[in-house]
Every structure is written in structure tokens, then in C-alpha cells.
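> predicted model, plus sequence, below.
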Amino acid sequence: MNPLPHKQIGVAVIWNPAGQILIDKRKAGGSMGGLWEFPGGKIEPGETVIECIVREIREELAIEITVGEHLITIEHTYPAFQITLIVHHCQHTSGIPQSIESDEIRWVDVHDLASYQFPAANLAIIRAIESGVSGAIC
């Protein structure tokens, strides 16, 4: 039996000055299409997690961010692949977010995250955010 493919993903929990977090909706028809997620993407060879997060956010949302403290690392196995999510708090610094790689983007209050449907691996991110919300903004 072949081992499942493994992806390492840099993930951004992007805060705005109002204390809201940016989430995006995965494109319908793609892997986990229609579910909401925290933006980020695959770490390229020779790239640090922080470099990955900055690059992915530029590519996917056309904004600039400052990457802050590490929030959580999650190992999760889906039926077709394994994933490691390396999640950092980030601060939105400039630009207007655009849904370049997603169907929709939204700034949401932390307490409203539970009303959005996320992939299973993202649920631990939400719990980590909720448990440390008072000091979450970097």
C-alpha cells in the first residue's frame, strides 16, 4: 500500500484593526469546494513557513501582511492525503483583499467562526483562536 501524499501548508489567521479575521470560501468544484478556510498554501522547497504565508497571501488575496507568532501546528489525515497546517497569527497591513483564488472572502468576528463550515483540520485552529482570543492580535 502506498503512503498517502503529505502536504505542508502555511496558514494565516489574518486580523484587521477591528479585531476581525479574514476567511475565504474554497472554489466550488475543487477539493473541499464550498467550505470556508483560513488562507494560506503549500510550502515550496527551500521556503520558510513565514515566506510561504506572505507569498500565498499576496497571490491569493493581493494584500500585505505581517506574520506574527505561531498559533498551532495541526497534523490531520483525510482519506486521500495527510496534511500539516502550520498556523500563524498575522496582521493585515495594506491592500484591499480580493478573492483571486476563492469564491468569496469575509472579515468575521471570532465568535461568528462557528457559523461557517470549515474542513475538519481547521476546527482545531478555530478552537485555538477562541481559547486565546484576548491576546490574539499580534
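Yes, it's here. Numbering: from 1, shown residues only.
> and the longest helix for the chain?
Among the segments of the chain that qualify as a helix by DSSP state H, the longest is helix 49-61.
> pLDDT on the very next helix or strand once past that helix, on average?
Where DSSP states H and E defines the elements, the next helix or strand beyond helix 49-61 is strand 64-77. Strand 64-77 comes out with an average pLDDT of 95.
> now do the one helix or strand residue 123 maps to against strand 64-77, angle only.
Element membership of residue 123 [criterion: DSSP H and E] is helix 123-131. Interaxial angle, helix 123-131 versus strand 64-77 (axes from the mean of the first three to the mean of the last three CA atoms, to 10 degrees): 130 degrees.
> please identify the buried residues of the helix-or-strand element of the chain with minimal mean pLDDT?
Ranking every helix and strand in the chain by mean pLDDT, DSSP states H and E puts helix 123-131 at the bottom, with a mean of 92. Going by neighbour count (16 or more other CB atoms under 10 Å), the buried part of helix 123-131 is 124-126, 128-129. No exception for glycine: its C-beta is placed from N, CA and C like everyone else's.
> what sits up against it?
11, 13, 21, 38, 71-72, 74, 85, 87, 110-111, 113-114, 118, 136 (CB atoms under 8 Å, 6 or more residues apart in numbering).
> what about the residue nearest to residue 18 when sequence neighbours are not counted, how many neighbours?
Leaving aside its sequence neighbours, residue 18 sits nearest to residue 107 (CB to CB, 6 or more residues apart in numbering; 7.4 Å). Close neighbours of residue 107, defined as other CB atoms under 10 Å, add up to 15.
> that's all I had, so thanks and see you.
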